[in-house]
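Undergrad: what's the 3D shape of this:
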Amino acid sequence: MKESVFTVTYNAAIAENTFRLRLEGDTGAVEKPGQFVNISVENGFLRRPISVCDRDERSLTLIYRAVGRGTRWLSERHAGDALDLLTGLGNGFDLTTAGEKPLLLGGGVGTAPLFWLARRLCAAGAEPFAALGFRTGAEVFYEEEFRALGCRVAIATEDGSRGTKGFVTDIMPEAYSEVFACGPLPMLRAVSHELRTGAQFSLEERMGCGFGACMGCTCETKAGAKRVCKDGPVFRREELPW
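TA: As a prediction, the model looks like this:
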């Protein structure tokens, strides 16, 4: 974990209530797709945890929904503004078991951390399939960005306004080597019941400190209670009591 000041270089809406934020600063502590940062917001007692969508040597790309006071304040930041971040949080995905045809399942803003993962997998020679689910067509983001990486992409929306009417479980391909999923807990449970392979799930939980001290984001696993921010957010399917 590292505390650093980052500078906003871009911050704009890319879908309904969904924003892309690019920050310039020291990204050395962010090493693996699936890790997250914790951002200090004005007049906020708690920082806001946001998954890393993409990363290079000098910048981070984050995607977030403006749904509360803290994230609405974040959506109003402009190029040149400074933000205080804790970086290098969480364990991230394990790419070594991905195989040749990994399946990436994203639900809503849970799509974001799968983009850096997809880029890494494509660079390693894999052929990812990205199945992305949203509530409405207005909330869809990064479909073309995944395609540009070389991924096959399918979209599902609950109201049928874009892609297939339904959920990510309705657009999963027949064959895949390993599953990487991030999204709401009901989605992850439903996905788990459909799988025939190994899987890694990135869990979404409300976090206090973001680095394991407060115990506020514990979840039940087969080995007992674990902290999503410190022991996760990525857990293997066999660890979870579903």
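Undergrad: From now on I want contacts and neighbour counts done on CA atoms only, so please keep to that.
TA: Fine.
Undergrad: what's the domain layout of this protein?
TA: Split into domains by automatic domain parsing, the chain comes to 2-89, 95-239.
Undergrad: Would you convert these into TSV that also reports mean pLDDT and mean neighbour count?
TA: TSV is the format used below for the domains of the chain (pLDDT from 0 to 100; neighbours: other C-alpha atoms under 10 Å):
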stretch	mean pLDDT	mean neighbour count
domain 2-89	96	18
domain 95-239	95	19
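Undergrad: what does stretch 121-133 rub up against?
TA: Stretch 121-133 is contacted by residues 95, 98-108, 111, 118, 146, 149-158, 167-168, 171-172 when judged by C-alpha atoms under 8 Å, 6 or more residues apart in numbering.
Undergrad: Going by residue numbers, what spans are helices in this protein?
TA: Using DSSP state H, the helices of the chain run over 69-75, 112-123, 143-149, 185-194.
Undergrad: Quick one: end-to-end distance for stretch 172-184.
TA: 17 Å (C-alpha to C-alpha, to the nearest Å).
Undergrad: what's the answer for stretch 171-179, then?
TA: Using C-alpha to C-alpha, one end of stretch 171-179 lies 13 Å from the other.
Undergrad: how far does stretch 45-63 stretch from start to finish?
TA: Stretch 45-63 end-to-end distance (C-alpha to C-alpha) = 22 Å.
Undergrad: Hmm, I typed the wrong one, I wanted stretch 85-98.
TA: 30 Å.
Undergrad: quick one: contacts of that stretch?
TA: Outside stretch 85-98, the residues that touch it by C-alpha under 8 Å, 6+ apart are 1-6, 27, 29-40, 117, 121, 177-180, 200, 210-211, 228-234.
Undergrad: separation between the nearest residue to Val191 once chain neighbours are set aside and Met187?
TA: Once flanking residues are discounted, Val191 sits nearest to Thr169: 6.2 Å by C-alpha to C-alpha, 6 or more residues apart in numbering. Using C-alpha to C-alpha, we find Thr169 at a distance of 8 Å from Met187.
Undergrad: picking that back up, wait, isn't the residue nearest to Val191 in contact with Glu194?
TA: Yes. Using C-alpha atoms under 8 Å, Thr169 makes contact with Glu194 at a distance of 7.5 Å.
Undergrad: can you pull the contacts of Ile50?
TA: Contacts for Ile50 (C-alpha under 8 Å, 6+ apart) come out as 36-39, 62-64.
Undergrad: in the sheet, who's paired with it?
TA: Beta bridges link Ile50 to Val37 when assigned by DSSP bridges.
Undergrad: ok, Arg77 to Gly216 distance?
TA: 28 Å.
Undergrad: Would you mind giving the contacts of Ile50 as CSV with distance to Pro128 added?
TA: Output for the contacts of Ile50, formatted as CSV (distance: C-alpha to C-alpha, whole Å):
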residue, distance to Pro128
Phe36, 22
Val37, 25
Asn38, 28
Ile39, 30
Leu62, 21
Ile63, 21
Tyr64, 23
